[in-house]
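>>> kindly return the folded structure for what I paste below:
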Amino acid sequence: MRCLGQGDSVGLRLRRHQQQQMVSGLQLTCVILSSVYFGFLAQSTSVQADSYSAAFKDISCYSDVVLQPSSTADVAAFVSKQVKAAAADQKGLKVRATHSAFHSSASFPCPGPKFSVFPPITKNTPWPSPDADKGSPAATNTTSVSLLLDNMSRVLSVDHAKYQMRVQAGMLLSSMLKEASSANMSVPLGCLPSFGDLTLGGVLATGAHGTGYNTTSTLGDIVAEITWVDGGGAEHVSPRNSTAGQALVAGLGVAGIVTELLLQLQPQSHTQVDTRYKVWDGNLLADVKQMLKETPHVLIVWRPDLRQYTSHMTKQVDVSVPKLGGILDLLLPRIAAEALGWSLAAWQADRDDKLPLTAVPILAAVHEISVGHVLANLYNGQKMFAGAGDTNDMQVASCGNKCLWDMGANIAMDDVHLSIELNGLGDWIQDVQQVISADLWDNGRKRHRFLSPGYFWFRFGHGSGDFLSHTSGMKSPVHVQLSFMKALHNPLVPSKYGWVLDILEQLTLCKYRARPHWGKNHQRTFTHPSCHVKDRLPLWDQMMAFKATTDP
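Down below sits the predicted model:
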């Protein structure tokens with residue numbers, strides 16, 4: 001093959017360039033058309049009478065029995081009946097309590113066979129059927145039962161004098177906050193995750209958290225009492241500081257099913273926010289340490305590929321401080337959601353950067369979703385960089401059934417969530433920057449590259465005595481979360497530059513002996529052949545001993 005030399009005409013150069021663009025365009029068109037087919041295939045397998053799916057519709061669970069209890073008594077009766085039926089049939093029994101649209105990115109909510117739109121495909125592996133593992137020996141010898149707690153979403157009692165509220169475990173965080181406001185109470189700042197469409201039971205069972213450096217930072221911090229059902233169907237009520245409380249909080253439902261929570265709330269308050277917007281990340285560690293001196297409630301949104309971060313610092317203040325606004329919702333018009341989904345699919349399919357125009361809308365989304373995003377809006381609709389709002393209005397964002405993934409975007413979030421010690425954060429930041437420079441930017445030769453829309457989050461917590469908590473035995477945990485969008489139009493097309501995130505996932509898990517969040521991460525995170533999660537949990541044996549007494 002002869003290379004183009006000085007003797008070739010400009011016209012020949014132009015024609016070759018046009019031909020290359022035509023080939024690239026045809027390749028991209030083929031990929032997108034195949035995306036429609038595979039996306040339809042993935043979506044068409046997600047709904048059956050005996051199944052339920054993740055909110056992103058990327059994982060579906062299949063059970064022999066799917067039940068929807070409305071009370072603790074229902075849960076106890078259902079479990080007792082299934083235990084007796086399994087014994088009569090001489091079968092094992094696996095029960096999971098979850099929600100009909102769960103938000104776990106792993107398959108812990110599945111007691112039986114599962115189907116993912118991201119299968120481990122090889123050249124010798126056909127596209128899997130949702131029924132692929134239903135006939136396995138483990139499946140046929142074990143009855144799988146799912147208890148969907150969607151109907152368990154009520155307030156059961158309110159004690160205004162003690163500022164306590166008893167609620168069912170299927171209630172959403174956003175609904176609980178509204179009920180607290182109706183009762184003239186505030187939920188303590190920092191104890192809740194930022195997304196309001198999670199259930200209280202799910203948040204408690206996975207150890208999900210907000211941000212609070214060595215102070216209130218998890219739902220378990222405001223729980224006074226837990227009502228639960230054991231593996232035989234017996235009902236229990238246990239104080240939070242009991243052995244049962246240590247097993248149930250962040251316990252994944254291994255020891256029993258949490259059905260009700262008694263929450264310790266506070267008098268009404270307001271919350272002040274201060275935003276540091278699009279700051280250069282060259283002094284990130286020093287900036288983190290300074291912010292934690294000012295308030296324990298810090299959320300940092302970082303984009304190392306943009307060399308910028310935005311931080312949100314919050315603190316509770318008296319109700320005498322005027323309210324200026326409230327937290328943003330996550331609503332997006334359907335046309336905008338669909339446009340983002342198709343733009344992401346096109347950019348993701350252009351793996352060799354042959355069509356640079358596909359990057360334009362994605363780069364805009366990258367900024368808006370990460371460092372360009374603020375925590376709250378003023379009442380006039382403008383961004384609130386500083387000011388106060390009602391504490392209950394400043395804790396979570398919600399979108400109900402109008403979330404991005406419900407509005408035609410066909411997008412899932414790829415979540416990696418790991419906890420490391422604060423004294424290792426500086427080295428970790430340097431490692432991330434080195435990986436970005438070497439692997440994403442190819443040592444400066446491809447500086448135009450950027451990761452998918454999403455963000456690196458830093459949140460802060462405290463060590464825990466709960467048996468399976470991912471902060472069990474830690475001193476000053478930092479929760480580092482890598483959440484990035486992935487188009488579902490063609491599940492077989494990998495995330496663009498996704499290998500960079502894969503490197504960071506394994507580096508964090510292994511080099512920094514990180515603890516994975518039970519409600520996030522890939523299956524592979526929990527089954528790494530060398531970096532074992534069990535070895536990171538110092539109270540594992542206590543959990544197994546307790547489980548033996550409640551779920552033999």
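
>>> show me which positions of the helix or strand hosting V500 end up buried.
Per DSSP states H and E, V500 falls inside helix 498-511. Of all the residues in helix 498-511, those buried under the rule 16 or more other Cβ atoms under 10 Å are 498, 500-509. Quick note: C-beta positions are derived from backbone N, CA and C, even for glycine.

>>> and which of those residues is nearest to D442?
Proximity of the buried residues of helix 498-511 to D442 (Cβ to Cβ) peaks at V500, which lies at 11.0 Å.

>>> show me the contacts for that closest one.
V500 makes contacts with 435-436, 439-440, 451, as judged by Cβ atoms under 8 Å, 6 or more residues apart in numbering.

>>> okay, the residues you listed in TSV with secondary structure and distance to F102 next?
Below are those laid out as TSV (DSSP: H, G, I helix; E, B strand; the rest coil; distance: Cβ to Cβ, whole Å):
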residue	secondary structure	distance to F102
V435	helix	31
I436	helix	32
D439	helix	33
L440	helix	32
L451	coil	26
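
>>> which strands and helices sit next to the helix or strand in which A87 is found?
Using DSSP H and E, A87 maps to helix 72-88. The helices and strands touching helix 72-88, judged by 3 or more Cβ pairs under 8 Å, 6 or more residues apart in numbering; DSSP states H and E, are strand 92-98, strand 142-148, strand 223-229, strand 235-239, strand 257-264.

>>> give me the neighbour count for the closest residue to I59 other than its chain neighbours.
With Cβ to Cβ, 6 or more residues apart in numbering as the criterion, I59 has its nearest non-adjacent residue at 5.2 Å, and that residue is S116. By other Cβ atoms under 10 Å, 16 other residues sit near S116.

>>> backbone dihedrals for S116, both of them.
Taking degrees, to the nearest 10, you get phi -120, psi 140 for the backbone angles of S116.

>>> mind checking how far it is from A250?
25 Å (Cβ to Cβ, to the nearest Å).

>>> same question, S60
In terms of Cβ to Cβ, S60 sits 25 Å off from A250.

>>> so for the two, which sits in the more crowded spot?
A250 (28 against 22).

>>> point out where the protein drops to low pLDDT.
Scanning the chain for pLDDT under 70 picks out 1-49, 118-140, 552.

>>> pull the CA atoms of the helix or strand where D415 lies into PDB?
Using DSSP H and E, D415 sits within strand 411-421. Extracted in PDB, the C-alpha atoms of strand 411-421 (Å, rounded to 0.1, in the frame of the first residue of the first chain):
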ATOM      1  CA  ILE A 411     -30.100   4.900  29.700                       C
ATOM      2  CA  ALA A 412     -28.700   3.200  32.800                       C
ATOM      3  CA  MET A 413     -26.200   4.400  35.400                       C
ATOM      4  CA  ASP A 414     -23.100   2.300  35.700                       C
ATOM      5  CA  ASP A 415     -22.200   2.600  39.500                       C
ATOM      6  CA  VAL A 416     -19.000   1.900  41.300                       C
ATOM      7  CA  HIS A 417     -19.200   2.800  44.900                       C
ATOM      8  CA  LEU A 418     -16.300   2.000  47.300                       C
ATOM      9  CA  SER A 419     -15.300   3.300  50.700                       C
ATOM     10  CA  ILE A 420     -11.600   4.000  51.600                       C
ATOM     11  CA  GLU A 421     -10.000   5.700  54.600                       C
END
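
>>> helices and strands around that strand, which ones?
Strand 411-421 packs on helix 334-349, strand 477-487, helix 498-511, strand 515-516, going by 3+ Cβ pairs under 8 Å, 6+ apart.

>>> and that strand, which strands flank it?
strand 477-487 (antiparallel), strand 515-516 (antiparallel) (DSSP bridges).

>>> going by residue numbers, what spans are helices in the stretch 251-400 of the chain?
284-294, 334-349, 359-369 (DSSP state H, counting those that start in this stretch).

>>> measure how the longest one sits relative to helix 359-369, angle-wise.
Using axes from the mean of the first three to the mean of the last three Cα atoms, to 10 degrees, the inter-axis angle of helix 334-349 relative to helix 359-369 is 120 degrees.

>>> how close does the nearest residue to V79 once chain neighbours are set aside get to K91?
Spatial nearest neighbour of V79, excluding adjacent residues (Cβ to Cβ, 6+ apart): G233 at 4.1 Å. Applying Cβ to Cβ, the value for G233 to K91 is 17 Å.

>>> now swap in S116 and tell me
Computed as Cβ to Cβ, the S116 to K91 distance reads 26 Å.

>>> same question, L156
The separation that L156 has from K91, given Cβ to Cβ, amounts to 35 Å.
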